[in-house]
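Engineer: The sequence and its predicted three-dimensional model are supplied below.
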Amino acid sequence: MAVNLLDLAREVLSIETEGIAALIPKLDASFVKAVDLIYRAKGRVILTGVGKSGLVARKMVATFNSTGTPALFLHPVEAMHGDLGMVSKEDVVLALSNSGETKELTILLPSFQRLETPVIAFTGRPQSTLARHSRVVIDTGVPREACPLGLAPTASTTAMLAMGDALAVVLLSKRGFKADDFRRFHPGGSLGARLTLAISGVMRTGAQIPLTRGDQTLEDAVQEIDAKKLGATLVVDSRGILKGIITDGDLRRALKKWGNIQDKKARDLMTPKPRCIGPGALASQALELMEHQAITVLPVVDQEQQVLGIVHLHDLLGRGEFKFTV
């Protein structure tokens with residue numbers, strides 16, 4: 001019995017190996033185009049997928065971020081309920097679906113098109129709906145799954161993961177990412193020990209903070225968002241106490257809902273009680289919170305909720321290094 005179990009395990013590993021090996025001859029100009037598209041993007045890589053593909057996408061986010069390519073995970077279902085506001089035309093979407101027909105994913109494709117956000121597809125079916133509506137298609141199909149029933153994604157997800165690693169490593173090389181850069185993201189020498197700075201040493205302060213009072217007009221809020229270049233403004237009272245936040249996405253949704261927003265105040269549109277963090281927290285905690293909540297800015301407040309600063313995802317991951325304020 002023990003021999004049979006080992007034989008079965010060996011067969012699974014052989015099938016997984018076969019799946020990855022099958023990717024090598026498929027590498028062509030599409031892979032180079034995907035690298036160039038991400039390399040030239042001014043924004044982030046937005047990875048998305050459902051089920052096992054979604055879990056692979058989350059791992060790829062971690063790999064991209066730790067090797068100098070800013071990335072975020074966007075859950076397709078949450079995207080349909082407001083989180084699509086985190087995507088801009090400066091980003092690149094990397095969509096994972098072995099079948100290429102995942103409804104929760106394909107329903108987002110027209111939205112990406114309207115946003116003018118290019119889509120790269122990882123799929124096992126180059127003629128699928130996802131592939132037809134993507135600018136670049138990377139074929140991650142495998143000859144067979146390791147699951148004897150052919151039901152559970154096994155070799156196909158391993159192949160996607162391996163292709164994601166190939167993409168991240170090629171981008172690392174193209175960016176000239178060095179060991180010193182890697183240590184900036186991993187100061188303790190491991191992934192779990194990265195970002196040990198206090199948030200107070202990373203956050204933007206003073207005139208760099210986008211601030212709008214609740215009684216100011218939305219036009220004032222738009223001007224503040226545009227001036228500070230963070231894609232959001234914090235809504236505060238006369239004492240500087242945090243009351244809410246307004247993002248680019250909030251403004252787009254308001255225009256769609258109301259049409260004319262000239263008579264609206266900041267308090268009418270703000271999201272009250274936004275996620276925030278204290279100045280003594282670690283940058284790694286801020287990053288974890290931002291990734292979990294799929295947000296790009298995070299207010300820093302004291303115990304009385306008075307605004308002390310703000311941190312943007314790019315302050316943690318952008319351009320391959322930290323931006324110190326001290």
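Structural biologist: On my side now, so go ahead.

Engineer: right, and the helix or strand after the least confident helix or strand in the chain by mean pLDDT?
Structural biologist: Every helix and strand in the chain was compared by mean pLDDT, DSSP states H and E; the lowest is helix 179-185, with a mean of 56. As assigned by DSSP states H and E, the chain's next helix or strand after helix 179-185 is strand 211-213.

Engineer: Just checking, which helix or strand succeeds that next one along the chain?
Structural biologist: Once the chain leaves strand 211-213, the next helix or strand it forms, by DSSP H and E, is helix 218-228.

Engineer: could you point out which element follows that following helix?
Structural biologist: Taking DSSP H and E, what comes next after helix 218-228 is strand 232-236.

Engineer: Determine the set of other helices and strands touching that following strand.
Structural biologist: strand 211-213, helix 218-228, strand 242-247, helix 266-269, strand 307-312 (3 or more Cβ pairs under 8 Å, 6 or more residues apart in numbering; DSSP states H and E). Glycine gets a C-beta too; all of them are placed from N, C-alpha and C.

Engineer: right, and the ones you listed - which one's nearest Arg44?
Structural biologist: Nearest of the helices and strands packed on strand 232-236 to Arg44, taken as Cβ to Cβ: strand 307-312 at 11.3 Å.

Engineer: Tell me the helices and strands packed up against that closest one.
Structural biologist: strand 232-236, strand 297-301.

Engineer: relative to helix 218-228, how tilted is it?
Structural biologist: With axes from the mean of the first three to the mean of the last three Cα atoms, to 10 degrees defining the directions, strand 307-312 sits at 60 degrees from helix 218-228.

Engineer: Check which element follows strand 307-312 along the chain.
Structural biologist: Past strand 307-312, the next helix or strand by DSSP H and E is helix 313-317.

Engineer: got the CA positions of that following helix in PDB?
Structural biologist: C-alpha atoms of helix 313-317 as PDB (Å, rounded to 0.1, in the frame of the first residue of the first chain):
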ATOM      1  CA  LEU A 313       0.500  52.300  -1.600                       C
ATOM      2  CA  HIS A 314       3.300  53.700  -3.800                       C
ATOM      3  CA  ASP A 315       5.000  55.100  -0.700                       C
ATOM      4  CA  LEU A 316       5.400  51.500   0.400                       C
ATOM      5  CA  LEU A 317       6.000  49.700  -2.900                       C
END
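
Engineer: just how off-centre is it within its chain?
Structural biologist: Put simply, helix 313-317 sits 12 Å off its chain's centre (Cα atoms, centre = their mean, to the nearest Å).

Engineer: Which of the three states applies to the residue positioned nearest the centre of the chain?
Structural biologist: Taking Cα atoms, centre = their mean, the centroid of the chain lies closest to Leu72, which sits 1.0 Å from it. With DSSP: H, G, I helix; E, B strand; the rest coil as the basis, Leu72 sits in strand.

Engineer: ok, now which ones touch it?
Structural biologist: With contact set as Cβ atoms under 8 Å, 6 or more residues apart in numbering, Leu72 has these partners: 44-47, 61, 86, 291, 294, 296, 313.

Engineer: closest to Thr102 out of the helices and strands packed on strand 232-236?
Structural biologist: strand 242-247 (27.3 Å).

Engineer: still on that earlier bit, pick the most buried one from the helices and strands packed on strand 307-312.
Structural biologist: Among these, the stretch with the highest mean neighbour count (mean count of other Cβ atoms under 10 Å) is strand 232-236, at a mean of 27.

Engineer: The residue nearest to Ser128 when sequence neighbours are not counted: what's it in contact with?
Structural biologist: Leaving aside its chain neighbours, Ser128 sits nearest to Gly100 (2.4 Å; criterion: Cβ to Cβ, 6 or more residues apart in numbering). For Gly100, the contact set (Cβ under 8 Å, 6+ apart) comprises 106, 121, 123-125, 127-131.
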